[in-house]
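Below are the sequence and a predicted model; questions follow.
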Amino acid sequence: MKKLILFLVVVGCTAVKAQYVANYKKVADVYFQNKDYYAAASFYKKALKISSDSTQIVIPYGKEKKANRDEKLIEDYEGSLYNLAESSRMYREYTEAEKYYAVASTFSNPKYKRALFYYGESLRANKKFQQAIIAFEEFIQKNKTDEFVKTANLEILSCKFAIKEMRYPRLVQIKKLPNNVNGLGSNYAPVKSGNDFYFTSSRPVAVSGKPDIIKTINGETQVSTKANPFINNIYSVKNGLLETEIAVKIIDLNLPKDMEFAAVSFNPEGNVAYFTAWKDKQKYEIYSVSKIDDKWTNPQPLGLQINSKDFNSAQPFVTGDGKFLIFSSDRVGGYGKYDLWYSAIRTDGSLGQPVNLGAEINTEADEKAPYYNSQTKKILFSTDGRVGFGGLDFFESEGNLINWTTPKNMGYPFNSSKDDIYFSPINADGSKAYISSDRESSCCLEVFEVKREYISVSGIITDCKTKKPLNGVNVKMLDQENENNIITDNTGRYEFKMDSRRPVKLNMTKDNYFALSKNYTYEEIAKADTLMYMDYCLNSFKINVPIVLDNIYYEFNSAELTNSSKKVLDALITIMDDNPEMEIELSAHTDDIGADVYNQDLSERRAKSCVDYLISKNISASRLTSKGYGESTPVAPNRLKNGKDNPEGRAKNRRTEFKVTKK
């Protein structure tokens, strides 16, 4: 079995043609030691008498046995079952793995203590997140000093994240590519160069020889593999994937026959290719090859800055401007296992000294398969070291190769509960792309086309009085995970793109204007197709300048608010909620009918009545002041110049106001 772990390539379902061997466990153990996990699982099932229609595992010995014989049989049984579970997990058959780990997790032998952890991992991969959490918590409780405890805690956070995230799927369409591309073995690392489509596949390569032979020599079970092996090669599809019949063929890069190669990346001109190459049991290295007169030159390994016998370098990506090579490596100086690094590509094609992308990107676990858009300054990569859906997830960050924003998970269904890796754009902004995932496979990576869609949230913000567009308004759109903001220009226009139908909040602020917040519920967003358009206006104010609250009325000769007045105050509650730091004074005024002392007392009681109502609606008392002014500050004459009564003036004087005392 070739070394495929880095690329998450797992051998597909091969038909094992072998002569009969009575001791299936020995055969299974040989396959297991050689990392041929599919074949190992097949023979462990034979040893355990598990058939395709089995409902339970059969212990392979009778009831009446001697004690020492029983112990040996129990040891063989437990070892075989655990290795069957391990084999199933290693070739990504998590449905099978879940069944066998469920049994193995009950074994008392401490060497099988991690069966419970892998049981949780299998449950998570099968989208049984709540059950997975229980399994991981039980593993932690029983194995508090085990080094896997930290990973188990991360898995628990990831399961909780997945449950929450899957409530609001991202606006992503996913379509698996045709069977010609997704054939036997793993198919991954898709990339488009010019009109051609390239990908890596571990599909069988025909070689001369006999099928697998399993035999026993001098009591030792041996396997002689002469069948068609699963070998990683780079394949191409001419003229893209639009043809009815897709012709897939291996590209000829003049590599030695005993090497495998994968994950190609081209420079912008398409005449230099970088890829990973390796021999069995040797380190991964990055090679380059140039095209001259439509023919590829002999591939050459990159210099010692990139490759070494002491570490692995793999999964190269050339930036769109052709200036940098970003790759994954477990070299010394990183933050974890595999980190992302970059090197400058000089004009002569040589590479500069590698630089780590830093702790904002890299974790203690693996970071793999980078893609960087030189125009948008965004990097998209896969990692299993952050809270996500489990396995490798896609994350995105913005930066300049030195400074980065905190990476964000790409959400569901862009990510799945299994491994998601190798993002490669089809168009300039990356809204259409290819990815690799084993989400629909029982064993292997497959290639999918993804299309990222958006809902546009837009409108125009005006001044409520002048009706003119407002510039300089800071508009924020917030959901449970993200915050985006823009500042309006002279058009007053705002626009955001949403990539999911999760509830959002719009917050609009401008100096000397009341902030305004509006919430879009999930139901409102779900009705939208691609566009939500809403105009809003903002009201201006000045510190300590009163604003009349129209239509505030009280019961006759009383401080009790009418129901209609409460509705007016409800609008003030909204303003207070949208401006949480704001403090106000509420004041009441009367006309001059009645004694001055009485009017003063009535106005104070009415102002307090307004404040009490706001407090009853959860507005903090520390933000509110009440004050009665009686008849002392009229805004209109109570009587006309000729001495007659002025009802209109009196109505204006019987008013309730508020003014902002602190913003």
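Happy to help now that I have it.

quick check: domain ranges of this structure?
Segmentation of the chain into domains, based on automatic domain parsing, reads 5-165, 251-448, 455-538, 547-662.

Now the terminal residues of the second one, how far apart.
So the one you mean is domain 251-448. 21 Å (Cα to Cα, to the nearest Å).

got any ranges where the stretch 501-650 of the chain has weak pLDDT?
For the stretch 501-650 of the chain, the stretches flagged by pLDDT under 70 are 555-556.

list the helices and strands the host helix or strand of Ile140 packs on?
Per DSSP states H and E, Ile140 falls inside helix 129-142. Applying 3 or more Cβ pairs under 8 Å, 6 or more residues apart in numbering; DSSP states H and E, one finds that helix 129-142 contacts helix 115-125, helix 149-165. Just so you know, the C-beta spots here come from the backbone N, C-alpha and C atoms, and that holds for glycine as well.

Measure how it sits relative to helix 115-125, angle-wise.
160 degrees (axes from the mean of the first three to the mean of the last three Cα atoms, to 10 degrees).

now the strands: where do they sit in the stretch 451-600 of the chain?
In the stretch 451-600 of the chain, strands defined by DSSP state E, counting those that start in this stretch lie at 455-463, 474-478, 483-487, 493-498, 504-509, 516-520, 531-533, 536-538, 547-548, 583-589, listed in chain order.

Name every strand pairing with the third one and say which way it goes.
Yep, that's strand 483-487 we're talking about. Using DSSP bridges, the strands paired with strand 483-487 in its sheet are strand 474-478 (antiparallel).

Contacts for the strand it pairs with next, please.
457, 461, 483-488, 494, 496, 498, 504-510 (Cβ atoms under 8 Å, 6 or more residues apart in numbering).

Type out the ChimeraX command that picks the buried ones from the residues you listed.
Buried subset of the contacts of strand 474-478, written as a ChimeraX selection, criterion 16 or more other Cβ atoms under 10 Å:
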select :457,461,488,494,496,498,504,506,507,508,509,510
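
counting contacts, what elements does the strand or helix carrying Ile286 pack onto?
Here Ile286 sits within strand 285-292, counting by DSSP H and E. Contacts defined by 3+ Cβ pairs under 8 Å, 6+ apart place strand 285-292 against strand 272-278, strand 300-301, strand 313-318.

Can you point out the buried residues in it?
In strand 285-292, counting by 16+ other Cβ under 10 Å, buried: Glu285, Ile286, Tyr287, Ser288, Val289.

Would you mind giving the residues you listed as a markdown table with distance to Phe43 and pLDDT added?
Formatted as a markdown table, the buried residues of strand 285-292 follow (distance: Cβ to Cβ, whole Å; pLDDT from 0 to 100):
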| residue | distance to Phe43 | pLDDT |
| --- | --- | --- |
| Glu285 | 34 | 96 |
| Ile286 | 37 | 97 |
| Tyr287 | 37 | 95 |
| Ser288 | 42 | 94 |
| Val289 | 41 | 92 |
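
quick one on the thing from earlier: looking at the helices and strands packed on strand 285-292, spot the one closest to Asn400.
strand 313-318 (16.1 Å; Cβ to Cβ).

Okay, angle between the helix or strand following the closest one and strand 313-318 too, please.
Once the chain leaves strand 313-318, the next helix or strand it forms, by DSSP H and E, is strand 324-329. Relative orientation of strand 324-329 versus strand 313-318 (the same axes, to 10 degrees): 160 degrees.

Now do strand 324-329: everything it contacts.
274, 286, 306, 311-319, 338-345, 351, 354, 357, 366-370, 372, 379, 401.

partners of it in the sheet?
Partners of strand 324-329 in its sheet, by DSSP bridges: strand 313-318 (antiparallel), strand 339-344 (antiparallel).

in the sheet, who's paired with Trp278?
Going by DSSP bridges, Trp278 forms beta bridges with Glu260.

hmm, back to that, between the buried residues of strand 285-292, which sits nearest Ser193?
Val289 (13.1 Å).

Let me see the contact set for the closest one.
With Cβ under 8 Å, 6+ apart, Val289 has these contacts: Leu253, Asn254, Val272, Ala273, Phe275, Trp296, Thr297, Asn298, Pro299, Gln300.

7 Å instead, please
Going by Cβ atoms under 7 Å, 6 or more residues apart in numbering, Val289 touches Leu253, Ala273, Trp296, Thr297, Pro299.

who's in contact with the closest residue in space to the fourth one that isn't next to it in sequence?
The shortest distance from Thr297 to any non-neighbouring residue, by Cβ to Cβ, 6 or more residues apart in numbering, is to Ser290 (4.9 Å). Each residue near Ser290 by Cβ under 7 Å, 6+ apart is listed here: Asn271, Val272, Thr297.

From Val30, how far out is Ser290?
44 Å (Cβ to Cβ, to the nearest Å).

who's in contact with Ile163?
Phe129.

quick one: pLDDT of it?
pLDDT for Ile163: 96.

Next one: it from Gln130, what distance?
Taking Cβ to Cβ, one finds Ile163 at 7 Å from Gln130.

One more: Pro268?
Counting by Cβ to Cβ - Pro268 and Gln130 are separated by 48 Å.

Comparing those two, which residue is more hemmed in?
Pro268 (14 against 10; other Cβ atoms under 10 Å).

Report the contact partners of the residue lying closest to that one once chain neighbours are set aside.
Distance criterion Cβ to Cβ, 6+ apart; nearest residue to Pro268, sequence neighbours excluded, is Gly322 at 4.7 Å. Contacts for Gly322 (Cβ under 7 Å, 6+ apart) come out as Asn267, Pro268, Ile345.

for the residue found closest to Lys662 once you drop the neighbours it is linked to in the chain, what are its contacts?
Leaving out its chain neighbours, the residue that sits closest to Lys662 by Cβ to Cβ, 6+ apart is Glu583, at 4.0 Å. Glu583 makes contacts with Arg623, Thr661, Lys662, as judged by Cβ under 7 Å, 6+ apart.

Arg605 versus the nearest residue to the first one once chain neighbours are set aside, what's the distance?
Distance criterion Cβ to Cβ, 6+ apart; nearest residue to Arg623, sequence neighbours excluded, is Glu583 at 4.7 Å. When Cβ to Cβ is the yardstick, Glu583 and Arg605 sit 22 Å from each other.

With Leu255 instead?
Counting by Cβ to Cβ - Leu255 and Arg605 are separated by 92 Å.

about what we covered before: ok, and for the helix holding Ile140, which residues are buried?
Phe129, Gln131, Ala132, Ile133, Ala135, Phe136, Glu138, Phe139, Ile140.
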